[in-house]
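> give me a model of this one.
(4 chains)
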4 protein chains.
Amino acid sequence: GLCKLYQLSKAGKLCVPAMNVNDSVTKQKFDNLYCCRESILDGLKRTTDVMFGGKQVVVCGYGEVGKGCTAALKAMGSIVYVTEIDPICSLQACMDGFRVVKLNEVIRQVDIIITCTGNKNVVTRDQLDRMKNGSIVCNMGHSNTEIDVASLRTPELTWERVRSQVDHVIWPDGKRVILLAEGRLLNLSCSTVPTFVLSITATTQALALIELYNAPEGRYKQDVYLLPKKMDEYVASLHLPTFDAHLTELSDEQAKYLGLNKNGPFKPNYYRYTFPC
Amino acid sequence: GLCKLYQLSKAGKLCVPAMNVNDSVTKQKFDNLYCCRESILDGLKRTTDVMFGGKQVVVCGYGEVGKGCTAALKAMGSIVYVTEIDPICSLQACMDGFRVVKLNEVIRQVDIIITCTGNKNVVTRDQLDRMKNGSIVCNMGHSNTEIDVASLRTPELTWERVRSQVDHVIWPDGKRVILLAEGRLLNLSCSTVPTFVLSITATTQALALIELYNAPEGRYKQDVYLLPKKMDEYVASLHLPTFDAHLTELSDEQAKYLGLNKNGPFKPNYYRYTFPC
Amino acid sequence: GLCKLYQLSKAGKLCVPAMNVNDSVTKQKFDNLYCCRESILDGLKRTTDVMFGGKQVVVCGYGEVGKGCTAALKAMGSIVYVTEIDPICSLQACMDGFRVVKLNEVIRQVDIIITCTGNKNVVTRDQLDRMKNGSIVCNMGHSNTEIDVASLRTPELTWERVRSQVDHVIWPDGKRVILLAEGRLLNLSCSTVPTFVLSITATTQALALIELYNAPEGRYKQDVYLLPKKMDEYVASLHLPTFDAHLTELSDEQAKYLGLNKNGPFKPNYYRYTFPC
Amino acid sequence: GLCKLYQLSKAGKLCVPAMNVNDSVTKQKFDNLYCCRESILDGLKRTTDVMFGGKQVVVCGYGEVGKGCTAALKAMGSIVYVTEIDPICSLQACMDGFRVVKLNEVIRQVDIIITCTGNKNVVTRDQLDRMKNGSIVCNMGHSNTEIDVASLRTPELTWERVRSQVDHVIWPDGKRVILLAEGRLLNLSCSTVPTFVLSITATTQALALIELYNAPEGRYKQDVYLLPKKMDEYVASLHLPTFDAHLTELSDEQAKYLGLNKNGPFKPNYYRYTFPC
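Okay, here's the model as predicted:
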């Protein structure tokens, strides 16, 4: 959706101001990173009852979603490999303790493949052919494009639905690969979104609408805007009492020393909010 | 240093283009997050031989440095509290499993205080007065401003240098607080910077200089610039062989689908590179 | 069951040899520790969809089950407290990074209580009265004795079944406490046991029966025996290929140096098999 | 030392009672597991300043020491492999998220080898010949037998002492392998033992002596005994105040239900005290 907006804006065809709430910090980190850290485990358990300890898993993509998935599985005792196209994210994966490999290097040995790339055909028929009997394939990334599911709908393969959202795809030699949600998003199809995350996301959207509505004439033109940092911080502050978290306040002297307003915003726009688990 | 450059730029007094390499991704994450994750342990051990398991620690500030310190100490079995002024960073700390408190709530019970705020007078004399006998105070953040060391240089307190960089400050009742590096940076004073991190930082600086030198007339004006993302990615890619990491390449079809050049840059400028440990 | 056997044996009333497979290493560690590390998350998610990040949790008991539960929740970003009666287990909890408290110290602030003690009335009506609105109470330990559920069946409290295995107990002021499986075992009632764990446990039981059947006259008398370590090791070795794990073999010289048979057993009977996650 | 005692006892030549304090729980877990979890990092940093993030490490032996070392390095972002002779410990390593391999499978790719086996010649000259340039070899296990250091004292190899406890062994082609403490114990040679651990160990030894001295005639014969569990628990309880840990006490009814004395001992002798980090 967002891509379309940016394309319209680029082409000068956007006829109203738009707010890109998807890339606000609270949305990105909570809806993607922290939520996926939990829903990857939940989605796999509810569908397959698989034990995570000792399993070899490859996670394709080391963005927010990939980081959430790898952190969770590593913590549960899985041995996790990462594939990446971006050298910065690759180097992060190294420093976080994951081998960065090409999918073909590990395809024969892994028990689980999880795609989180936003890309298409990340797992191809050729690769599915080489997977182990009993291995699991699922998608946490984007739409239903990441696994080439269409390539599995051929006469020599048998599909067996073993329960809702779980298909066994059976090769002529009897090998079974377990495909979840027919390659659609595991976290939406086979898990739930916690109310806490919904609250953060909905608050972000509501505040964006209020901002657009209340903004003085001319502040926003026919373009796509990121949520003002101060509002992003406000969304966060509304959710702190849930955790009985107590903010420290700057003294006047400290605010002056840092060149900040005591009420925020506290960071420059390009600040990246590192997220170690 | 950077602040000065931005002030000059704002005042229209910057007479050459400048590159803000400090905020490049590779510099920020490696020199700060990953390096501090290791140097906090190293600095504390070399100076005090303290055991981390079971210790109660408060980390002031949950930016890159604070995240590195908390992740390391949590992994070593410490019980870690966080103080923060920024609601977004506070919420991250919650989701990462830390209680967010005001310093005064825990000052009497903690064994170690670590400052990572970039601020001044984060730990005051009043708070030092209330610390436990044998507790440790140190600074991983910025300069020597964070702990109000000057306030400890009063006649009723005795200073005893027990080894290089380690002072016992002794209260009239015999209580000792262990002050490291007189409040200067622990990671620079009492630990070392790994050659790998130096290599990343030096490469970033060298590439920035080359870019400024080679850039066509007019690309850079008298202003402060962030390192072009493509160069940031290049710094990372130069360091991948160290870890025998293998990048995945986009197919033409995939690059087109994502709207990316196959050689990068792979991310929009505002991308935040989440860092889970 | 096991207690009864030991009582019979003590009283001289056991009329056949018996094998205590429950305390074999492979049974204890896999069925309890590693299985519970996963099923606590699974059981809570399937029943309540609760988000773990930032939640305050108290785990009563720090045996195998308690260790599995705390490790999992800590990894998911919960803040975990432990209660214990045993000083050794308490000290372990400290070194593993948990505050050891009495239940009453944290009862008003926690979001989730999990009992893993094997004891009775670990959570009393008086304590349930003081819990927060919306908090969750469940049992991972033993039978249905740990939470005093009977005390909640009084006229002033209303029970509302919101889904299978999930009851809201409602106080006169509207406060709701979420009770799972009516205090019975969460892992059996609301989660599943992975086939891998079943395989280990069933193999242990089968081998114990074979040993009792094949043993030469007189090896086993009317008593309760622990599984011979060599058979415990054999159960483990049968499951290594699942993980493509490759055992190292002792050379003759090394076996002699260690005073071991090359084929095991490799440890003295009192060896404890530390389990770090 | 302990082996000798058991041999004397077996041969009927022990002329006084002896207490095996080494295998008491508090000694084993604290002096070995928890202490090594910290000293492996400390020993490596003080000698080599190596960065742990992204490094490939093989740990030989997955007993208490191996568990401490792997847990620490994994937490710091290393990729860790384990070698083992014992199938139970191997299966634990799998469930804890480590690939179990033979040393030869990874010898060419690892950056660091750490031995923790108690065995001899675990790393041979043939294997040292195949290590990468710049790789580190050290011993956390037992004496100086684990690495075949003698095999490196041959004319074609040059030794260069680069600082105290650190030798570069240089192959004719210029390859350097970094040998720490000439293969002796890294934790004793290049790190320190925290006072907390010394306190636990010394308390255990003192209580064992007091027990032997005070025991009524005939309780101990000319044999080797494990420390009575109650005293092991007492050692632990003496150290709980350090962490402000609060023990829960059994009610009379609960003690009766569990068949325990309210003051302990709380566990049967064969209890294993699982240690998840």
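
> so what secondary structure elements neighbour the longest helix along chain A?
Across chain A, the helix with the greatest residue count (assigned by DSSP state H) is helix A:195-214. In terms of contacts (3 or more C-beta pairs under 8 Å, 6 or more residues apart in numbering or on different chains; DSSP states H and E), helix A:195-214 is packed against strand A:18-20, helix A:25-26, helix A:229-239. No exception for glycine: its C-beta is placed from N, CA and C like everyone else's.

> mind running it again at 10 Å?
strand A:18-20, helix A:25-26, helix A:35-48, strand A:224-226, helix A:229-239 (3 or more C-beta pairs under 10 Å, 6 or more residues apart in numbering or on different chains; DSSP states H and E).

> between the ones you listed, which gets nearest to chain D?
When these are ranked by proximity to chain D, the top entry is helix A:35-48, at 14.3 Å, counting by C-beta to the nearest C-beta.

> how big is the angle separating that closest one from helix A:195-214?
Counting by axes from the mean of the first three to the mean of the last three C-alpha atoms, to 10 degrees, helix A:35-48 lies at 130 degrees to helix A:195-214.

> any idea how far the helix or strand just after helix A:35-48 is from the chain center?
Next in sequence after helix A:35-48, counting helices and strands by DSSP states H and E, comes strand A:56-60. Put simply, strand A:56-60 sits 15 Å off its chain's centre (C-alpha atoms, centre = their mean, to the nearest Å).

> check stretch A:222-233 too.
Centroid separation for stretch A:222-233 versus its chain: 21 Å, with C-alpha atoms, centre = their mean.

> how long is it from one end to the other?
In stretch A:222-233, first residue to last residue: 25 Å (C-alpha to C-alpha, to the nearest Å).

> same thing with stretch A:141-157?
25 Å.

> ok, that stretch near chain B or not?
Yes. Contact of stretch A:141-157 with chain B (C-beta under 10 Å from any C-beta of the partner chain) involves A:T145.

> residues in contact with stretch A:262-269: which ones?
With C-beta atoms under 10 Å, 6 or more residues apart in numbering or on different chains as the test, stretch A:262-269 has contacts from A:25, A:226, A:228-234, A:236-237, A:249-252, A:254-256, A:258, A:260, A:271, A:273, B:6, B:23, B:63, B:84-89, B:270.

> list buried residues within the residues you listed.
In the contacts of stretch A:262-269, burial by neighbour count holds for A:25, A:226, A:228-229, A:231-234, A:236-237, A:250, A:254-255, A:258, A:260, A:271, A:273, B:6, B:23, B:63, B:84-89, counting by 16 or more other C-beta atoms under 10 Å in any protein chain shown.

> hang on, the earlier thing: of the helices and strands packed on helix A:195-214, which is nearest A:A181?
For the helices and strands packed on helix A:195-214, the distance to A:A181 is smallest for helix A:35-48, at 7.9 Å, taking C-beta to C-beta.

> is the closest one in proximity to chain C?
Yes. Helix A:35-48 lies within reach of chain C by C-beta under 10 Å from any C-beta, at A:C35, A:R37, A:E38, A:S39, A:L41, A:D42, A:G43, A:L44, A:K45, A:R46, A:T48.

> pick the one among those closest to B:N214.
Nearest to B:N214 among the residues of helix A:35-48 next to chain C is A:R37, at 42.6 Å by C-beta to C-beta.

> so that closest one makes contact with C:F52?
Yes. Between A:R37 and C:F52 there is a contact at 8.6 Å, judged by C-beta atoms under 10 Å.

> list residues touching both of these two?
B:M95, C:A75, C:M76, C:G77.

> what residues does the stretch 51-200 of chain A have near chain D?
Within the stretch 51-200 of chain A, the positions lying close to chain D (C-beta under 10 Å from any C-beta) are A:51-56, A:73-81, A:91-100.

> if I look at A:L179, how far off is A:C190?
Separation of A:L179 from A:C190 (C-beta to C-beta, to the nearest Å) stands at 12 Å.

> can you list residues touching both of the two?
A:C138, A:Q165, A:V166.

> what average pLDDT does whichever helix or strand the first one is part of get?
What it means is A:C138. Using DSSP H and E, A:C138 maps to strand A:135-139. Mean per-residue pLDDT for strand A:135-139: 98.

> next one: stretch A:174-189
Stretch A:174-189 comes out at a mean pLDDT of 96.

> pull out the buried residues from that stretch.
Per 16+ other C-beta under 10 Å, stretch A:174-189 contains these buried residues: A:175-187, A:189.

> so is it next to chain C?
No. Judged by C-beta under 10 Å from any C-beta, stretch A:174-189 stays clear of chain C, getting no closer than 12.1 Å.

> find the nearest non-adjacent residue to A:I147, please.
Distances taken as C-beta to C-beta, 6 or more residues apart in numbering or on different chains put A:G183 closest to A:I147, at 4.2 Å, once the chain neighbours are dropped.

> swap in A:T124?
A:D148 is the one closest to A:T124 (C-beta to C-beta, 6+ apart), at 5.2 Å.

> ok, that neighbour touching A:V123?
Yes. The pair A:D148 / A:V123 is scored as a contact, 6.4 Å apart, by C-beta under 10 Å.

> quickly list what's touching both of the two.
Each of A:G183 lies in contact with both A:D148 and A:V123 under the rule C-beta under 10 Å, 6+ apart.

> higher neighbour count, the two?
For A:D148 versus A:V123, neighbours defined as other C-beta atoms under 10 Å in any protein chain shown are more numerous around A:V123 (25 against 17).

> OK, contacts around that one?
The contact partners of A:V123, by C-beta under 10 Å, 6+ apart, come to A:58, A:60, A:103, A:107, A:113-115, A:117, A:131, A:137-139, A:146-149, A:151, A:183.

> what about 6 Å?
Listed by C-beta atoms under 6 Å, 6 or more residues apart in numbering or on different chains, the contact partners of A:V123 are A:I113, A:I147.

> pLDDT value on A:T274, please?
For A:T274, pLDDT reads 61.

> actually A:C277, sorry about that
Predicted confidence (pLDDT) at A:C277: the value is 38.

> what does A:N269 give?
Reported pLDDT for A:N269: 77.

> what's the local residue count around it?
When neighbours are counted by other C-beta under 10 Å, A:N269 comes out with 9.

> quick one: secondary structure of it?
When classified by DSSP: H, G, I helix; E, B strand; the rest coil, A:N269 comes out as coil.

> show me what from the stretch 151-277 of chain A comes close to chain B.
By the criterion of C-beta under 6 Å from any C-beta of the partner chain, the positions of the stretch 151-277 of chain A lying close to chain B are A:233, A:236-237, A:240, A:243, A:245-248, A:250, A:254, A:257-258, A:266, A:272-277.

> which element is the closest residue in space to A:N104 that isn't next to it in sequence on?
Once flanking residues are discounted, A:N104 sits nearest to A:Q127: 7.0 Å by C-beta to C-beta, 6+ apart. Using DSSP H and E, A:Q127 maps to helix A:125-129.

> with that, I have no additional questions.
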